[in-house]
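**Q** Next input, structure requested:
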Amino acid sequence: MKGLKKKLSLVLASCMVFSLAGCGDKKKKSSDDDFVNYVYAKDDSFTDVSNGKKLVWYDMVGDNLYYCVDNENDYQELQEAAMDATEGDASINDAVEETKVKYEFYKADLNGGNSESLGEFETKSGMHFVSTFLTSPNGTVYFYDQDNDGDESKNTLYKIENGKCTEVGDFTHVCQSETSYLSGFFAMDDGTFVAVYGDNIKRFDEDLKQISELPQENYIDGSALDKDNNIVVKTLKESTDPDSTDTTVLLSVYDIGKNSLGTAHEVDISGYSAYQFTKGFGDYDIIIRTAGSLYGYKYSDGSREKLVDFYGSNIYGDGASRSMFKDKDAFYFQYEVDDEPQKLVKYKKVDPKDVEDRVVLTLAITGECSNVKKMVRKFNESQSKYTVQIIDYTEENNPNSKLGADISAGKVPDIYIVESGIANQPIQQYVSKGMLEDLEPYIEKDPDMSMSDFIPSVMDSLRVDGKLYSITSHVSLNTLIGDGAEVGDDSGWTAKQFREYIESQPEGAMIFEGTSKDSVLYNIMLGCGNQFVDWEKGECYFDSEDFKNILQICGEFPVDEDLYSTDNSTADNIKSKKALFISTIVCPEEIEAANKLFKGKASFKGFPVKEGRGSYFTTTTGFAMSAKCEDKDGAWEFMRTLISKEYVADEYMNTGLIPVREDVFQMKMDSVTATKEYKDEFGNVIKPREGEENLFGVEMESKPFSEDIIKRYRELIDNTSMLNYYNEAVSNIIAEEAAAYFNGDKSIDDVCKIIQDRATTFINENK
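**A** Reported below is the predicted structural model:
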């Protein structure tokens, strides 16, 4: 693959005593993309200091490790057992609430040796919470107990000395500032404290009486101690460009003696991704953590140096809440992954020459994508031939724009994330340029799946020009539900028919609740916007009568949706004709509620379209394969995970999601029609639906669904063939120009011509 493709060299040294799941290219030395230089591996020889309990907090002072564990997991198991055994008996559950949660504090030498107990603290479970753990530079441990078991919450600060927890004082006024939240709290060696808020820095004496304050204009986004135990605050400075949403990250050291901030150091990293920083070591004043990396930062010259690549090291960064370095050879993570109790793990630096020999497949992400990151980690752990390396664009100020620019320059990943398109552009744009691979042949030759394993209408909706360029694990089905006695039972109608129905209704009737001109237009275009753009031909149809009809409908609504705000339920608004339709994600529960609301005549009419039924699917995160990928079989080996039975089944009980697989869809239907308890093939306990529920303001008994409801649900799925439409640039053009018509400044013909010309130009420039 051009640009990002790498073939890794050399095998993992047999003398290593720790595991490795990273890789890189020994030939490249300087770029941040050369993750081989930033690979760390889990040190399996490091003892789990939490001994299977939940690690609540840890800190490092010199060569000493301070940490706290609790028995909260034991309490939760006790609570769940009591709930099951008593079927919700209030007295038993109240007794469980009185169970004590015990916090145990320890000190250990990082160079080896047993842990030393510092003390214990017990508090009632339920409405008590212990938090804000910290260690002063001299090793004194502090925490506060939050008591919400009364009319007013009370917070008490404690310190641990001589094996006991000693009360320092009432902490309530410290952690409950009138104007902002507490973002950081620090204990000084002289017994005083510094509290950092979003808009202020306050000092308190040893009795928690305020000594001074330092209000701030710029928003304080975080605080930490640097390597010299100075308090450093992170502020975000907004861009002076009114059209820019960029922010600059500034770091300033707080001078306690002068009660002032020192020089503001500008950090060369986006405000979006620089979300945590901790104490530095050696030449680095602080360590900055982003979504995919750890960087060392120096005040002296404002430079930053990449130290760790999470993805190359196969670390699930989203599961790590705190990282600290002892030196460049090792760092520690407070880590929670795969539903295991949070614990402390150690990672050691790996020499680039000792990295495994694997083929690297690149995957570009522009957002959080936590599920994808988990999938990548598990895939890499299971592999000896391939590794997926995430190229994380969230470290850019505008991730999608940067990815789009790289793609235009020929720097393309092997695997794309698809979320309403790729890099904010519709997938049709990439198809028209021949940039994507048809995935249907890979499914058909896969030994464990075929196209017959999937719901046909869902897969058809993903097709572009008859080919399957992307896959997803789940979809949701969106539609407009109305009164069948008025709109008819048949789904689908034209924009003209839609407009005629709206105009026939009483004055003040809304299409759906809480709508304005802009929001009605946006919602309708999600359902029918695809019919106005043809990326392959480079044509638009915004000067058509269909689009004019839609604009005219939207023009009848108020500018401000607050004008139609109401405390009434959806059912009340439907009955009083203040709303005509329910715009919703369809599921069996909503079918049943709609039938009751419309007296058995609910019509799943959909949005106005030239042809078809007007309902549409919205996909969850999907994958597409680059046509330039050099190892397409390897890319498919990873991508297939997304539509495997195990992966799809993991979310099958989510009410609004439709599994793409037939077998998992049947599991879902079995679960909602079950009349007795059972275990599914993955060990999940399925219980019959019971109780009561309220949808749209309709009270219903929750019970197993009837065959008629399930049949209707499947019919709606089978008769849906569209995906939702969204393209940021085209949507902005429509919204910008439609405003002139809505405000009465231009005629509908003039506005539609401008939208037509601008959208056509944009599409052809980006074909």
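**Q** element containing Tyr522, please.
**A** Following DSSP states H and E, one finds Tyr522 within helix 517-528.
**Q** Could I get the full set of helices for the stretch 251-400 of the chain?
**A** Along the stretch 251-400 of the chain, counting by DSSP state H, counting those that start in this stretch, helices occupy 370-382, 399-408.
**Q** of those, which approaches Tyr144 most closely?
**A** Judged by C-beta to C-beta, the one of the helices of the stretch 251-400 of the chain that comes nearest to Tyr144 is helix 370-382, at 30.0 Å. The way it works is simple: take the backbone N, C-alpha and C, and place the C-beta from them, glycine included.
**Q** re the thing from before, which SSE is immediately downstream of the helix holding Tyr522?
**A** Where DSSP H and E defines the elements, the next helix or strand beyond helix 517-528 is strand 533-534.
**Q** For that next one, what is the distance to the chain centroid?
**A** Averaging C-alpha positions (C-alpha atoms, centre = their mean, to the nearest Å) puts strand 533-534 31 Å from its chain's average.
**Q** helices or strands up against it?
**A** In terms of contacts (3 or more C-beta pairs under 8 Å, 6 or more residues apart in numbering; DSSP states H and E), strand 533-534 is packed against strand 539-540.
**Q** Okay, and the beta partners of Ser626?
**A** Taking DSSP bridges, one finds Leu436 as the beta-bridge partners of Ser626.
**Q** Grab the longest helix from this structure for me.
**A** helix 748-765 (DSSP state H).
**Q** Contacts for stretch 522-529 next, please.
**A** 478-480, 495, 512, 515, 550, 553-554, 583, 606-609, 614-616, 722, 724-726, 730-731, 734-735 (C-beta atoms under 8 Å, 6 or more residues apart in numbering).
**Q** same question, stretch 420-434
**A** 366, 400-401, 403-404, 407, 416, 418, 436, 464-465, 467, 469-470, 533, 535-536, 619, 624, 627, 724, 726-729, 763, 766-767.
**Q** again with stretch 288-298
**A** Against stretch 288-298 from outside (C-beta under 8 Å, 6+ apart): 32, 38, 251, 267, 269, 273-278, 280, 282-287, 303-311, 317-318, 323, 331, 368, 390, 392, 394-395.
**Q** Just to be sure, which of the residues you listed are found in strands?
**A** 251, 267, 276-278, 286-287, 304-309, 323, 331, 390, 392 (DSSP state E).
**Q** Make a PyMOL selection of the buried ones in the residues you listed.
**A** Here is the PyMOL command that selects the buried residues among those (16 or more other C-beta atoms under 10 Å):
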select buried, resi 251+267+276+277+278+286+287+304+306+307+308+309+323+331+390+392
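**Q** residues contacting the nearest residue to Trp493 once chain neighbours are set aside?
**A** In this structure, Trp493 finds its nearest non-sequential neighbour in Pro608, 5.8 Å apart by C-beta to C-beta, 6 or more residues apart in numbering. Taking C-beta under 8 Å, 6+ apart, we find Pro608 in contact with 493-495, 497-498, 524, 527-528, 546, 549-550, 614.
**Q** and if we set it to 7 Å?
**A** 493-495, 498, 528, 550, 614 (C-beta atoms under 7 Å, 6 or more residues apart in numbering).
**Q** Considering those, which is situated nearest to Pro215?
**A** Looking across these and measuring by C-beta to C-beta, the closest to Pro215 is Ile550, at 50.5 Å.
**Q** before we move on, what SS does that closest one have?
**A** helix (DSSP: H, G, I helix; E, B strand; the rest coil).
**Q** Pull stretch 376-396 out as PDB, backbone CA atoms only.
**A** Taking only C-alpha atoms (Å, rounded to 0.1, in the frame of the first residue of the first chain), the coordinates of stretch 376-396 have been written out as PDB:
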ATOM      1  CA  VAL A 376      -8.300  -4.200  17.100                       C
ATOM      2  CA  ARG A 377      -6.700  -5.100  20.400                       C
ATOM      3  CA  LYS A 378      -8.300  -8.500  20.500                       C
ATOM      4  CA  PHE A 379      -7.500  -9.200  16.800                       C
ATOM      5  CA  ASN A 380      -3.800  -8.300  17.300                       C
ATOM      6  CA  GLU A 381      -3.500 -10.500  20.400                       C
ATOM      7  CA  SER A 382      -4.900 -13.400  18.400                       C
ATOM      8  CA  GLN A 383      -2.600 -13.000  15.400                       C
ATOM      9  CA  SER A 384       0.900 -14.000  14.400                       C
ATOM     10  CA  LYS A 385       0.700 -12.900  10.800                       C
ATOM     11  CA  TYR A 386      -1.200  -9.600  10.800                       C
ATOM     12  CA  THR A 387      -1.500  -6.600  13.000                       C
ATOM     13  CA  VAL A 388      -3.900  -3.700  12.600                       C
ATOM     14  CA  GLN A 389      -2.300  -0.300  13.300                       C
ATOM     15  CA  ILE A 390      -4.700   2.500  14.100                       C
ATOM     16  CA  ILE A 391      -3.900   5.900  12.500                       C
ATOM     17  CA  ASP A 392      -5.500   8.200  15.000                       C
ATOM     18  CA  TYR A 393      -6.700  11.500  13.400                       C
ATOM     19  CA  THR A 394      -8.200  12.700  16.700                       C
ATOM     20  CA  GLU A 395      -4.900  14.300  17.500                       C
ATOM     21  CA  GLU A 396      -5.700  16.800  14.700                       C
END
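**Q** contact partners of that stretch?
**A** Taking C-beta under 7 Å, 6+ apart as the rule, stretch 376-396 contacts 4, 21, 23, 35, 269-270, 272-273, 290-292, 311-312, 314, 316, 358-367, 373, 399, 402-403, 413, 634, 637-638, 641.
**Q** What strand or helix carries the nearest residue to Val698 once chain neighbours are set aside?
**A** Leaving aside its chain neighbours, Val698 sits nearest to Ala593 (4.6 Å; criterion: C-beta to C-beta, 6+ apart). Counting by DSSP H and E, the element that carries Ala593 is helix 588-597.
**Q** Distance from the chain centre to that helix, please.
**A** 30 Å.
**Q** Are there helices or strands packed against the helix or strand just after it, and which ones?
**A** Proceeding N to C from helix 588-597, the next assigned helix or strand is strand 602-604, under DSSP H and E. Applying 3 or more C-beta pairs under 7 Å, 6 or more residues apart in numbering; DSSP states H and E, we find strand 602-604 packed against strand 474-483, helix 484-487.
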